[in-house]
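Enquirer: Let me see the structure of the following:
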Amino acid sequence: MIVNYKETGWEVITQRAHGIVAAQVAMHWKEKERPARWLETLLAIAEHDDAEVELDGENLVTETGGPLNFSMKLFDLAHCEKLARFTITKSRYIALLASMHMDFLHRDEEKENSEAHKFLEQQRLLQAEWRSQLGIDQKEAERIYYLLEWCDAFSLLLCRQQVQPEKRGIEISTGPDGTVYQLFEIEKGVLTVEPWPFETDSFSVSFDSREIRQLKFESSAEFRNAFVQAPVKENVWRLTKKQGRVTKPAKV
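Expert: Residues are numbered from 1 along each chain as shown. Next comes the predicted model:
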């Protein structure tokens, strides 16, 4: 889950909600640059974090009792195997993209984690097998994955409240075409991307969040109860193509 600290407590966005935002963004990508298996690509983007279910029996709190933010979690073999099982039962193509995403997330950890190294090596063998079966070469697979990663990064900027004030830009990621894209808030609740990579000139994205006023929890069960009881808020952003460039530089 994604956890933001606020004056009134914790704002919590689930991993699945974050995935929906990524898919909403991807849905508007330029038609001529979309992969051939477009529906499966959208499903892979939407579901790339679906093995993370906050209401299951996972560890949800830190040692000090706060909600456990996703960025604090390290390689978890059981979690990765769960995601691999979920995706391969849907399609090899979706399993391929999910496997590449796990590789992206954990490749640094495998240098010192033998369990992660063994798992990722097995996944790389499967990736090669799936590419061969699907008739997709490695370069094309990487191009498709970079779209998933770009949409993932975009969604995280919104869900983690990292959009910059005063029309200052922030880098999203490098897209599948090798272009580095910047995100700007041009007015309250209205965003633009430079260069503009979408088919339409304007669209909206939204996600649910929960505000939990209790700051400390004795157990994951206590947190889950607070999560279930928390009010749900819909967060909406409007994206629009800007005429002319927004000149303020990206935050470094």
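
Enquirer: ok, and what's touching whatever helix or strand residue 221 lives in?
Expert: Assigned by DSSP states H and E, residue 221 belongs to helix 220-229. Residues from elsewhere that reach helix 220-229 (CB atoms under 8 Å, 6 or more residues apart in numbering): 12, 54-55, 57-61, 67, 210, 212, 214, 217. In short, each C-beta sits where N, CA and C put it, glycine included.

Enquirer: Which pair of these spans the longest distance?
Expert: Spatial extent of the contacts of helix 220-229 (CB to CB) is set by the pair 57 and 214 at 20.1 Å.

Enquirer: The two - which one has more neighbours?
Expert: Comparing residue 57 with residue 214 by other CB atoms under 10 Å, the one with more neighbours is residue 214, at 15 against 9.

Enquirer: isn't the more buried one right next to residue 12, touching?
Expert: No - between residue 214 and residue 12 there is no contact under CB atoms under 8 Å: 11.4 Å.

Enquirer: Return the set of buried residues in the one helix or strand residue 116 maps to.
Expert: Using DSSP H and E, residue 116 sits within helix 114-134. Within helix 114-134, the residues scored as buried using 16 or more other CB atoms under 10 Å are 116, 117, 119, 120, 123, 126, 127, 130, 131.

Enquirer: That helix packs against which elements?
Expert: Helices and strands touching helix 114-134, by 3 or more CB pairs under 8 Å, 6 or more residues apart in numbering; DSSP states H and E, are helix 77-88, helix 92-106, helix 138-159.

Enquirer: looking at those helices, which has the lowest confidence?
Expert: Ranked by mean pLDDT, the helices and strands packed on helix 114-134 bottom out at helix 77-88, with a mean of 92.

Enquirer: For it, report the contacting residues that lie outside it.
Expert: Applying CB under 8 Å, 6+ apart, the set of residues contacting helix 77-88 is 44, 47, 50-52, 58, 94-95, 97-99, 102, 106, 115-116, 119, 123.

Enquirer: Thank you, goodbye.
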